[in-house]
Every structure is written in C-alpha cells, then in structure tokens.
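**Student:** Provided below are the primary sequence and the corresponding predicted coordinates.
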Amino acid sequence: NTMMQAVVTEGTGRRAQLDYTVSAGKTGTSTAYRDAWFIGFTGLASFYYALVHIPLAEATVLQYSNPIFVAILATWLLGERMRRREIALIGVAIAGVLLIAKPAFIFGDGQALPLLAVAIGLWGAIGSGTAYVLVRKLSATEHVMVIVFYFSLASTIGALPLAIPGALLPTPLEWLLLLG
C-alpha cells in the first residue's frame, strides 16, 4: 500500500489535508485502476475524434448512448440485475443509435456517415460506460478523490503525445491576460 497525501481546497475556500491509502498492490485493484484509466482515456479521446469527423449532433448522441453500456456492463461486472423491460428498452435504444449512425444499407450512400468515425464514436460511448462501471467498482475500496486524481493524471499523460505536435502556445499578451 502507498500513502498519498493531498491538500484540497473545498468549495468554502477551507483547505483540508487528506490521507489516502492507495491499494495499488492489492490483486485486482491495480488491474481495475489500469483498465479504468486506459478505457476511460480512450473513450474520451474517441469522443473527441468523433466530434471532429461527424456532425456535432450525431457525435453527441453517440456519446450519450453510454448508459446503454453502463447497464449491460453493470450486470456483468457488478452483478446487478436487469428486468425484461429494461432489456427491451436497451434494444430500442440500440436501434435508435443505429438510426443516428445512418448506415448506408438503410439510408443509401448519400446520407451515410463515415463508418470509421461512427465506430470510433461508438467506442467512445462504450469506453465511457465501461469506465463508469469500473469507477463504481473501485469506489468500494478506494476514495473517489483518489480515483479522480489518477484518472486525470493518466489522461493528461496519455494526451500529451497527441497534443504536443499541434500545440499552439499563447502570445506574451495572452499569457498576461491568462495570469492577470
């Protein structure tokens, strides 16, 4: 176990020191952390890819389909139960996602969205849903702030190789405005 100390400023402006024991050495916990960070990051990166390559409305609807995958994965990973009505509604929701994706075999080539961009956007929803379920699983043994901290850290590190080549730094005047 690793001890992590964090100084957090609460909404009231009061600072609080928090001590957490990170269970990265426990069997299963470190794997769940790694999976949650990786899947969450790739899900988020996939959503951003879809935003660039398909219309905003369709990319957003695809991303908002993540509760479908949360429900499916929660039954598998968390042992939650779904009733028949919920299963039927998931089927209806998946049909709705299919209609949003505008596949060529239904709509013809004129209205079809790029298949690769739709698939990547759908992975964004699946990845986000998976990360939500893994975070819920981790929250049984870890403090939420530890989970959020490490997800943010891993996402920042994962995004750097993608962001650096196209980085646009502020001008000196913009730095003054940002820091001022």
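**Tutor:** Thanks, I have it. These figures come from a predicted structure and were not determined experimentally.

**Student:** quick one, helices of this protein?
**Tutor:** Counting by DSSP state H, the chain has helices at residues 29-53, 56-63, 66-77, 84-101, 104-107, 115-138, 144-163, 172-179.

**Student:** quick one: low-confidence ranges for the protein?
**Tutor:** For the chain, applying pLDDT under 70 flags the ranges 1-33, 104-110.

**Student:** So Val61 sits against Ile100, correct?
**Tutor:** Yes: with contact defined as C-beta atoms under 8 Å, Val61 reaches Ile100; the gap is 4.9 Å. Every C-beta, even on glycine, is put in place using the N, C-alpha and C of the backbone.

**Student:** Pull the number of nearby residues for Pro172.
**Tutor:** Pro172 is flanked by 7 other residues according to other C-beta atoms under 10 Å.

**Student:** Repeat that for the one 5 residues further on.
**Tutor:** In terms of burial, Leu177 registers 10 neighbours under the definition other C-beta under 10 Å.

**Student:** what do you get for Gly40?
**Tutor:** 21.

**Student:** Trp123 too?
**Tutor:** 20.

**Student:** re the thing from before, among the helices of the chain, which is the most enclosed?
**Tutor:** helix 115-138 (a mean of 21; mean count of other C-beta atoms under 10 Å).
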